[in-house]
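# What follows is a predicted protein model with its sequence.
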Amino acid sequence: QNEIYSAGINGIVPKYPFDYVSLERAGSEVLPWWVLSYVAGGAGDEQTQRANVAAFRKYGIVPRMLNGAYERDLSISLFGIDLPTPLFMCPIGVIGLCALDFHGDVQIAKAAALTGVPMVASTLMMDPMEEVASHFGDTPGFFQLYTPRDRDLAASFVARAERSGFKAIVITLDTWTTGWRPRDLNTGNLPELRGYCLENYFTDDIFLRRLDRSPKEDLNAARLEWLKIWGNSLQWEDLDWLRSLTKLPLLLKGICHPDDVRRARDHGIDGIYCSNHGGRQANGGLPALDVLPEVVEAAGDMPVLFDSGIRSGSDAAKAIAMGATAVGIGRPYAYALAVGGTDGVVHYLRSALAELDLLMAIDGFPTLRDLAAAEVRAV
Ligand code: FNR
């Protein structure tokens, strides 16, 4: 903050916006229209997507004074890994399309290295996961698995993730088939099927074995093969098989019901990721924030990651005060990447963290443990 205001004395205007509305506007202006509909759009008439964001206006944190918050500690520990902040970057498939050079995954990985904010890298990376992981620096990375129908391919993805140094596997449960997304349907465009968006598959020996000719020789055949193996509608029993593939911590993404939290624990799952996919998959559901407290209660000592609707540092503070262990930034970093590449993403993350830190300073919460214990009231 001081840096920005002192530069301002000398007439230096900041390069990127500090509020989400301006960032979204700036991102929307530079993204090609069909990428914008993919990033901005959601399921149905997007009621759930809007409700996710609006839910943050329904709750407020009650401040505490004289609490020694002159210095703050924003660090957390997740599966024994120390992280400097409670933020992470949600998995965003084919995020490369938001970058000028299409290597958005690498640019995000570099932002993770610079900020200490981990990237949860999607199976739908546009760069091979080995390449992406090589840019993490000292920041741990997590791999998000879209479980293919081919079990050998699933096992291969997990093994590659482990070999590349990813520190946890996030299994997304709500996207074994693509939701009803009118904006994408209107453009007739599923970005995954554009060019080399499926690089992570196209560099996998198990996937390549399924093809008669390499994707370079016959891209269409490779895309059709991908459509065939894409989504596996998992059952609870399948978790035992997934559990047997790795010793890395396993998280389930898309859990919104306390009974599902308890069943996850019974199947040896290590962490819960409460999310409704930003309202992109099913419309008409509750905002994710509204189900968070029940999920947290059922989780007991299991960590609960949260996303869907976080736009700012104060949104993150509310999610933490409502029980989230770590908080996922989604769409905002896609716009930040479009506006300024790695630099833009670093700017956005630092801004969100600065806002969170200042809120803790002003509202009297020296640590995240104090913030987690804060009183939250419905507005
Ligand atoms: C996503 N999300 C997502 N989730 C996932 O598990 N794997 C993926 O590949 C993707 N891909 C993806 C693409 C785009 C363009 C968006 C916006 C989102 C969902 C993502 O991880 C997260 O749950 C939502 O982004 C949270 O909602 P908000 O806060 O971004 O609105």
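Cool, the structure landed.

# all strands for the stretch 151-300 of the chain, in order.
Secondary structure of the stretch 151-300 of the chain (DSSP state E, counting those that start in this stretch): strands at 168-172, 250-253, 271-274.

# what's the most buried one of those?
Among these, strand 271-274 has the highest mean neighbour count (mean count of other Cβ atoms under 10 Å), at a mean of 26. All C-beta spots, glycine's among them, are computed from the backbone N, C-alpha and C.

# which helices and strands does that strand pack with?
If you count contacts as 3 or more Cβ pairs under 8 Å, 6 or more residues apart in numbering; DSSP states H and E, strand 271-274 packs onto strand 250-253, helix 288-299, strand 304-306.

# Using CSV, lay out these together with mean pLDDT and distance to residue 99.
Formatted as CSV, these follow (pLDDT from 0 to 100; distance: least, Cβ to Cβ, whole Å):
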stretch, mean pLDDT, distance to residue 99
strand 250-253, 98, 24
helix 288-299, 98, 27
strand 304-306, 98, 25
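
# Relative to the ligand, which of these is closest?
For the ligand, the closest of the helices and strands packed on strand 271-274 is strand 250-253, at 5.3 Å, according to Cβ to the nearest ligand atom.

# thinking again about what came up before, any chance of TSV for the helices and strands packed on strand 271-274, columns distance to the ligand?
Shown next, in TSV, are the helices and strands packed on strand 271-274 (distance: least, Cβ to the nearest ligand atom, whole Å):
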stretch	distance to the ligand
strand 250-253	5
helix 288-299	8
strand 304-306	9
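
# Could you check how many residues crowd around the residue of the stretch 1-150 of the chain found nearest the ligand?
Here the stretch 1-150 of the chain gets closest to the ligand at one residue, residue 93, 2.9 Å apart by Cβ to the nearest ligand atom. For residue 93, the neighbour count with other Cβ atoms under 10 Å is 23.

# That one contacts residue 105, doesn't it?
No - Residue 93 lies out of contact with residue 105 (Cβ atoms under 8 Å); the separation is 9.9 Å.

# related to what we said a few turns ago, on the three-state scheme, the residue of the stretch 1-150 of the chain closest to the ligand is what?
For residue 93, the secondary structure call by DSSP: H, G, I helix; E, B strand; the rest coil comes out as coil.

# Pull the contacting residues for the closest residue to it other than its chain neighbours.
Excluding the flanking residues, the one nearest residue 93 by Cβ to Cβ, 6 or more residues apart in numbering is residue 124, at 3.1 Å. Shown in contact with residue 124 (Cβ atoms under 8 Å, 6 or more residues apart in numbering): 93, 94, 146, 192, 197, 198, 200.

# again, 10 Å this time
By Cβ atoms under 10 Å, 6 or more residues apart in numbering, the residues touching residue 124 are 91-96, 105, 144, 146, 175, 191-192, 197-201.

# again, but for residue 196
By Cβ under 10 Å, 6+ apart, the contact set of residue 196 is 96, 102, 126, 127, 202, 215, 216, 219, 222.

# In a helix, the third one, correct?
No - counting by three-state DSSP, residue 126 falls outside a helix, being coil.

# Could you count how many residues lie near the nearest residue to it once chain neighbours are set aside?
The spatial neighbour of residue 126 that comes closest, neighbours along the chain excluded (Cβ to Cβ, 6+ apart), is residue 96 at 3.2 Å. Residues near residue 96, counting by other Cβ under 10 Å, number 25.

# Close to the ligand: what parts of the stretch 101-250 of the chain are there?
Within the stretch 101-250 of the chain, the residues that sit near the ligand (Cβ under 6 Å from any ligand atom) are 122, 124, 144, 172.

# Break down the stretch 51-200 of the chain into its helices, ranges please.
104-115, 129-133, 151-164, 182-187, 199-202 (DSSP state H, counting those that start in this stretch).

# For the second one, output the C-alpha coordinates as PDB.
The one in question is helix 129-133. What follows is helix 129-133, C-alpha atoms only, in PDB (Å, rounded to 0.1, in the frame of the first residue of the first chain):
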ATOM      1  CA  MET A 129       2.300 -31.300 -16.100                       C
ATOM      2  CA  GLU A 130       6.000 -32.100 -15.900                       C
ATOM      3  CA  GLU A 131       6.800 -28.700 -17.500                       C
ATOM      4  CA  VAL A 132       4.300 -26.800 -15.400                       C
ATOM      5  CA  ALA A 133       5.600 -28.400 -12.100                       C
END
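
# buried sites along that helix?
Across helix 129-133, burial judged by 16 or more other Cβ atoms under 10 Å covers 129, 131, 132, 133.

# Would you mind pulling up the elements that that helix packs against?
helix 104-115, strand 120-122, strand 142-145, helix 151-164, helix 199-202 (3 or more Cβ pairs under 10 Å, 6 or more residues apart in numbering; DSSP states H and E).

# looking only at pLDDT, what's the mean for the first one?
Going back to what we said before, that points to helix 104-115. For helix 104-115, the mean per-residue pLDDT is 98.
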